[in-house]
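1. Need coordinates for the following:
(2 chains)
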Amino acid sequence: AQTVTQSQPEMSVQEAETVTLSCTYDTSESDYYLFWYKQPPSRQMILVIRQEAYKQQNATENRFSVNFQKAAKSFSLKISDSQLGDAAMYFCAYRRGMYSGGGADGLTFGKGTHLIIQP
Amino acid sequence: NAGVTQTPKFQVLKTGQSMTLQCAQDMNHEYMSWYRQDPGMGLRLIHYSVGAGITDQGEVPNGYNVSRSTTEDFPLRLLSAAPSQTSVYFCASSRRGRNTEAFFGQGTRLTVV
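-> Model prediction:
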């Protein structure tokens, strides 16, 4: 079974600075996807960014980018120019791809990192 | 454009009571799933469905039943609530295919006393 580990229960960063959240995963599959979700106090799960394992190029969405190291099974999230609205819980998640027999069988989540933005 | 709708948003149950958490999606997604979120635990998969009439167990299925009679609805049933089922419950749906995104409902906070 796959596992996702987030080793930082809480991170703090000054507004406008850059912060990196760590995530490692364990899988024997070759086809899979990785995601970062944001959960603000409203409880809503919001997709921040996703990475397809087949793609070597790191995904980027505006101020959010990932460092995907497939051999090391590492998937960190970098937030540049941190803003107060970035304060939230961040979850790393894994999903098997269709070619690995997955897709419908849901996401495996890490335990989350609580990100605090200092004004 | 409702997306995934969960009802109720909050619920308090007494031990031994039964109830159904409702989940409906209007995006014609094939896949639906239920998760529970406990403090310090992230989200864990309870049950999932690949389409109407087909369901399967996730990581933590004990104490929960599901059925899926239509594409749109995927209710989660607690037959005899226990304090250990106090949690926040999320329903999600996604389209079948590669690189598809899971859409989540707003969650149901359930307290069993």
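2. For the rest of this, base every contact and every neighbour count on C-alpha atoms.
-> Fine.
3. Quick check, the residue in chain B closest to chain A?
-> Going by C-alpha to the nearest C-alpha, chain A is nearest to residue B:42 of chain B, at 4.1 Å.
4. Enumerate the beta-bridge partners assigned to that residue.
-> In this entry, residue B:42 is beta-bridged to residue B:38, by DSSP bridges.
5. check contacts around the closest residue to chain B within chain A.
-> Using C-alpha to the nearest C-alpha, the closest approach of chain A to chain B is made by residue A:111 at 4.1 Å. Contact partners of residue A:111, counting by C-alpha atoms under 8 Å, 6 or more residues apart in numbering or on different chains, are A:5-6, A:9, A:91, B:40-43.
6. so who does the closest residue to residue A:107 other than its chain neighbours touch?
-> Closest residue in space to residue A:107, ignoring its immediate chain neighbours: residue A:95 at 4.9 Å, by C-alpha to C-alpha, 6 or more residues apart in numbering or on different chains. Residues near residue A:95 by C-alpha under 8 Å, 6+ apart: A:32-34, A:102-103, A:105-108.
7. Could you write me a PyMOL select line covering just the buried ones among those residues?
-> A single PyMOL command selects the buried members of the contacts of residue A:95 (16 or more other C-alpha atoms under 10 Å in any protein chain shown):
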select buried, chain A and resi 32+33+34+103+105+106+107+108
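8. Just the ones of the contacts of residue A:95 in strands?
-> Among those, the members falling in strands (DSSP state E) are A:32-34, A:108.
9. when you check chain B, which of the residues you listed turn up near it?
-> Contacts with chain B are made by A:33, A:108 out of those, judged by C-alpha under 8 Å from any C-alpha of the partner chain.
10. is it possible to export the ones in strands among the contacts of residue A:95 to TSV including pLDDT?
-> Converted to TSV, the ones in strands among the contacts of residue A:95 look like this (pLDDT from 0 to 100):
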residue	pLDDT
A:32	91
A:33	93
A:34	95
A:108	94
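11. Would you format the ones in strands among the contacts of residue A:95 as CSV with distance to residue B:111 included?
-> Converted to CSV, the ones in strands among the contacts of residue A:95 look like this (distance: C-alpha to C-alpha, whole Å):
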residue, distance to residue B:111
A:32, 35
A:33, 33
A:34, 32
A:108, 24
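12. any idea which element the most centrally placed residue in chain B lies in?
-> Geometric centre of chain B, nearest residue: residue B:34, 3.0 Å, by C-alpha atoms, centre = their mean. Using DSSP states H and E, residue B:34 falls within strand B:31-38.
13. Can I get that strand in CSV, CA atoms only?
-> Provided in CSV are the C-alpha atoms of strand B:31-38 (Å, rounded to 0.1, in the frame of the first residue of the first chain):
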residue,chain,number,x,y,z
TYR,B,31,-16.2,8.2,-9.4
MET,B,32,-17.3,9.1,-5.9
SER,B,33,-15.8,8.6,-2.5
TRP,B,34,-16.1,9.3,1.2
TYR,B,35,-13.3,10.3,3.5
ARG,B,36,-13.1,11.1,7.2
GLN,B,37,-10.7,13.7,8.6
ASP,B,38,-9.6,13.4,12.2
